[in-house]
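Asker: sequence first, predicted model second:
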Amino acid sequence: MSGAPAKRLKSEGRRGAPTPLDVARAARAPRLPSIVVAGGADPGDRCIQASNTGVGAPGYNDKRTFCHTRGFTLLEILIALAVSAIVLLAIQTVFFGALRLHRTTTEQLNASLSLERTLSTVRHDIDGLMVPGSVLAGSLQTTPTSTLTDDHFGDRISPDFYTSSGKIDGWNPFADVQMVTYYLTPATDGSGNKNLLRAVTRNLLPAQETTSEAQTLLEGVAQATFTFFDGTQWTDTWDSTATSTLPSAIKLSVVLAAQAGQATPDPIELVLPVLVQTTTSQTEAGSTGAMP
């Protein structure tokens with residue numbers, strides 16, 4: 001009787017407290033995984049919770065969660081590419097439209113500035129006209145006889161203007177009196193247009209052959225002419241040696257070359273009164289009272 005209870009107590013004690021042999025057996029025993037499928041934050045996501053619990057290892061529990069996010073379908077990718085292409089096309093249209101507008105505005109602004117500079121230069125030359133017949137001032141003739149310049153610059157459109165529009169500085173030994181002649185020269189860009197050129201001669205008493213300085217005032221010119229007002233009408237020719245007078249006014253007419261696909265623009269006219277007068281001009285003006 002006493003032996004049986006003692007054996008039972010030993011067995012219960014063995015089952016209640018694991019022996020080192022039980023721990024070693026539990027470590028070698030395979031773990032049984034427990035898998036639970038649950039939904040993630042996104043309705044399209046699927047998460048798997050895996051739990052490995054040891055058979056004989058008390059307090060051991062390995063839990064891991066694996067979430068698989070749903071990717072884009074082929075249809076969704078194609079729709080995104082189509083929308084991106086439309087947006088890029090709109091951006092490209094606006095960008096190149098802005099570039100064309102900037103280029104057109106810049107070209108028009110440069111052309112306007114060149115025209116204003118040209119008209120200002122011609123006005124300055126006409127305002128400084130000198131009385132013909134002096135030592136430095138020759139005659140005003142549309143068919144000049146001066147040998148100071150030749151016509152190698154192009155087609156002459158003006159007489160030789162003897163004017164006091166020259167610039168005096170410390171680098172130039174000449175006075176403000178100079179001879180100015182205007183020419184039309186072919187453009188060098190192959191467009192068939194012409195350039196308005198201003199030839200300036202500073203040395204009016206040369207000991208040898210003198211040289212003239214050419215200045216391109218305006219590009220893209222189709223036609224340019226100078227006309228003279230004699231008090232009653234405009235004329236294309238003038239000879240101060242025959243009339244002993246200067247014209248009452250001088251007009252410059254410039255026709256710019258037409259742009260591609262556009263009509264020829266109207267001529268630009270600059271009318272300038274001649275302020276200086278000879279004795280004959282004063283006498284005629286006093287007797288007729290003519291105004292340009």
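Answerer: Received, thanks.
Asker: and the helix ranked longest in the chain, what does it pack against?
Answerer: Counting residues, the longest helix found in the chain (DSSP state H) is helix 74-127. Applying 3 or more C-beta pairs under 8 Å, 6 or more residues apart in numbering; DSSP states H and E, one finds that helix 74-127 contacts strand 161-163, strand 213-229, strand 249-256, strand 268-273. For the C-beta atoms, the positions are set from N, CA and C on the backbone; glycine is no exception.
Asker: try it again with 10 Å
Answerer: strand 161-163, strand 178-186, strand 194-201, strand 213-229, strand 249-256, strand 268-273 (3 or more C-beta pairs under 10 Å, 6 or more residues apart in numbering; DSSP states H and E).
Asker: next, the buried residues of stretch 229-241.
Answerer: 229-231, 238, 240 (16 or more other C-beta atoms under 10 Å).
Asker: point out where the stretch 51-200 of the chain drops to low pLDDT.
Answerer: 51-69, 144-151 (pLDDT under 70).
Asker: from the buried residues of stretch 229-241, pick the one nearest Gly166.
Answerer: Proximity of the buried residues of stretch 229-241 to Gly166 (C-beta to C-beta) peaks at Ser240, which lies at 20.6 Å.
Asker: who's in contact with Gln223?
Answerer: 157, 184, 194, 253-257, 264, 267 (C-beta atoms under 10 Å, 6 or more residues apart in numbering).
Asker: what subset of those residues is buried?
Answerer: Neighbour-count burial (16+ other C-beta under 10 Å) applied to the contacts of Gln223 gives 157, 184, 194, 254, 256-257.
Asker: how's the chain carved up into domains?
Answerer: The chain breaks down into these domains under automatic domain parsing: 22-71, 104-288.
Asker: deepest-packed of those domains, please.
Answerer: Among the domains of the chain, ranked by average contacts under mean count of other C-beta atoms under 10 Å, first place goes to domain 104-288 (a mean of 15).
Asker: ok, back up a step: now do the very next helix or strand once past the longest helix of the chain: which elements does it pack against?
Answerer: Per DSSP states H and E, helix 74-127 leads on to strand 155-156 as the next helix or strand towards the C-terminus. Secondary-structure packing of strand 155-156 (3+ C-beta pairs under 10 Å, 6+ apart): strand 178-186, strand 194-201.
Asker: so which of the ones you listed gets nearest Pro247?
Answerer: strand 178-186 (15.8 Å).
Asker: quick one: residues contacting Leu272.
Answerer: 119, 122-127, 129, 249-252, 292.
Asker: and if we set it to 7 Å?
Answerer: When contacts are counted by C-beta atoms under 7 Å, 6 or more residues apart in numbering, Leu272 touches 123, 126, 249-250.
Asker: likewise for Ile126?
Answerer: Ile126 is in contact with 250, 272, 274, counting by C-beta under 7 Å, 6+ apart.
Asker: TSV for these, including distance to Leu140 and pLDDT?
Answerer: Formatted as TSV, those follow (distance: C-beta to C-beta, whole Å; pLDDT from 0 to 100):
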residue	distance to Leu140	pLDDT
Ile250	9	94
Leu272	14	93
Val274	9	90
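Asker: ok so, going back, can you name the two of the contacts of Gln223 that are farthest apart?
Answerer: In the contacts of Gln223, two members sit farther apart than any others by C-beta to C-beta. They are Ile157 and Thr264, at 18.4 Å.
Asker: run through the residues that contact Leu115.
Answerer: 218, 268.
Asker: who does Thr225 bridge with?
Answerer: With DSSP bridges as the criterion, Thr225 is bridged to Ser253.
Asker: out of the buried residues of stretch 229-241, who's nearest Ser134?
Answerer: Ranked by distance to Ser134 (C-beta to C-beta), these are led by Ser240 at 12.0 Å.
Asker: ok, the nearest residue to the closest one once chain neighbours are set aside - contacts?
Answerer: In this structure, Ser240 finds its nearest non-sequential neighbour in Leu140, 4.3 Å apart by C-beta to C-beta, 6 or more residues apart in numbering. Residues in contact with Leu140 (C-beta under 7 Å, 6+ apart) are 132, 159, 238, 240, 246.
Asker: adding distance to Ala224 and secondary structure, write these out as CSV.
Answerer: CSV is the format used below for these (distance: C-beta to C-beta, whole Å; DSSP: H, G, I helix; E, B strand; the rest coil):
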residue, distance to Ala224, secondary structure
Pro132, 23, coil
Pro159, 14, coil
Trp238, 17, coil
Ser240, 22, helix
Leu246, 21, coil
